[in-house]
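Output the structure for:
(one chain, ligands or ions: 1)
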Amino acid sequence: MTFSGKNVLVTGAGKSIGAEIARVLAKLGLKVWINYRSKPELADALQKEIEQNGGQAAVIAFDATDEEAFVGAIKAIVESDGGLSYLVNNAGITNDKLAIRMSTEDFMSVVDANLKSAFIGSRESLKVMSKQRFGSVVNIASIIGERGNAGQSNYAASKGGMIAMTKSFAYEGAPRNVRFNCITPGFIRTDMTESLKDEVKENYVKNIPLARFGETREVASVVAFLLSDESSYITGEIIKVNGGLYM
Ligand code: NAP
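Numbers count the residues shown, from 1 in each chain. Below is the predicted model:
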């Protein structure tokens, strides 16, 4: 894969899908900015691992729901590197409850973490990338944003919103050669899905045509493709990475 750009910011990259995205992009030659909000030890260890493997990485701490902090982080990256080529809005949380037991705060906290953060990142990077006349952004949404799920009205709203928002940004970015795409993973083996009960996991697997959960590298490789020059004519696209669970 080839990249005309040089650096990438990955939010929520201390572990799981975000960390694997950082590893894969560093291997492909990009300087990776590893964002974390808690657990600096994970981000530091990932930076060391990337550097030991000959890649370039830097750690940047901020809470992606904190507008001032996110805006400041992008400004700092641009000052340091002379620009920002790519952004992956990966940071996300769940807080599952049946809707009748879900407070408005439970709803809004997930929408803030998943959707508001991606909006801030997309808006700020579009400003920078428009001036550069180059850039590519990938938003990590979810299969749940496409089909909904009992107990996840907050998560589904945030990820469904992310899908629609990606298409809107794609229209706005296209005249300046800035692309926005979205990935909708199904069930991927990470801390987020580890917390599910075994019987729930087995039930999901029964319905997945490829008969297993996905691996983080299977999401990361699609992110790399969507950022790379190989996908230069793709924008506003939603790519499912779900083992066939929802076609
Ligand atoms: P994970 O293991 O829970 O990791 C999520 C990461 O995001 C953590 O490092 C977390 O940091 C970080 N994060 C959360 N809120 C943040 C914030 N406000 N600011 C900065 N960082 C923040 O989850 P994952 O499974 O890797 O999921 C990554 C993305 O893929 C999420 O957007 C998720 O919705 C999406 N996804 C996952 C699956 C799946 O099956 N795993 C399926 C579909 C979509 P802390 O440790 O500090 O909380």
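
so who does Ala170 touch?
179-181, 235-236 (CB atoms under 8 Å, 6 or more residues apart in numbering). Any C-beta I mention is one placed from the backbone N, CA and C, and that applies to glycine too.

so when I look at Glu51, I'm seeing a strand, right?
No. Counting by DSSP: H, G, I helix; E, B strand; the rest coil, Glu51 falls outside a strand, being helix.

Could you tell me how far it is located from Ala76?
20 Å (CB to CB, to the nearest Å).

Counting only strands, which of the contacts of Ala170 make the cut?
Among the contacts of Ala170, the residues falling in strands (DSSP state E) are 179-181.

could those residues go into JSON lines alongside pLDDT?
Listed next are the ones in strands among the contacts of Ala170 as JSON lines, based on pLDDT from 0 to 100:
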{"residue": "Arg179", "pLDDT": "99"}
{"residue": "Phe180", "pLDDT": "99"}
{"residue": "Asn181", "pLDDT": "99"}
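
From these, pick the one nearest the ligand.
Asn181 (14.6 Å; CB to the nearest ligand atom).

Quick check, the closest one in contact with Tyr233.
No. Using CB atoms under 8 Å, Asn181 is not in contact with Tyr233, being 11.5 Å away.

Count the neighbours of Leu42 for me.
Neighbourhood size, Leu42 [other CB atoms under 10 Å]: 17.

where's it, which helix or strand?
helix 40-52 (DSSP states H and E).

Ok, Ser221 next?
Ser221 belongs to helix 216-227, assigned by DSSP H and E.

Give me the contact list for the helix holding Leu42.
By CB under 8 Å, 6+ apart, helix 40-52 touches 13-15, 19, 22-23, 26, 32, 34-36, 56-59, 61.

can you give me how far that helix is from the chain middle?
Relative to its parent chain, helix 40-52 has a centroid offset of 19 Å by CA atoms, centre = their mean, to the nearest Å.

And that helix, what's buried?
Within helix 40-52, the residues scored as buried using 16 or more other CB atoms under 10 Å are 42-43, 46-47, 50.

Describe which strands the very next helix or strand once past that helix pairs with in its sheet and in which direction.
Going down the chain from helix 40-52, the next helix or strand is strand 56-61, by DSSP H and E. Partners of strand 56-61 in the sheet, by DSSP bridges, are strand 31-36 (parallel).

Out of the buried residues of helix 40-52, which is nearest to the ligand?
Distance to the ligand, by CB to the nearest ligand atom, is smallest for Leu42 among those, at 7.4 Å.

end to end, how far does stretch 103-119 reach?
Distance between the boundary residues of stretch 103-119 (CA to CA, to the nearest Å) amounts to 23 Å.

contacting residues around the closest residue to Ser228 other than its chain neighbours?
Once flanking residues are discounted, Ser228 sits nearest to Met1: 4.2 Å by CB to CB, 6 or more residues apart in numbering. When contacts are counted by CB under 8 Å, 6+ apart, Met1 touches 28, 224-225, 228-230.

if we go to 7 Å?
28, 224-225, 228, 230 (CB atoms under 7 Å, 6 or more residues apart in numbering).
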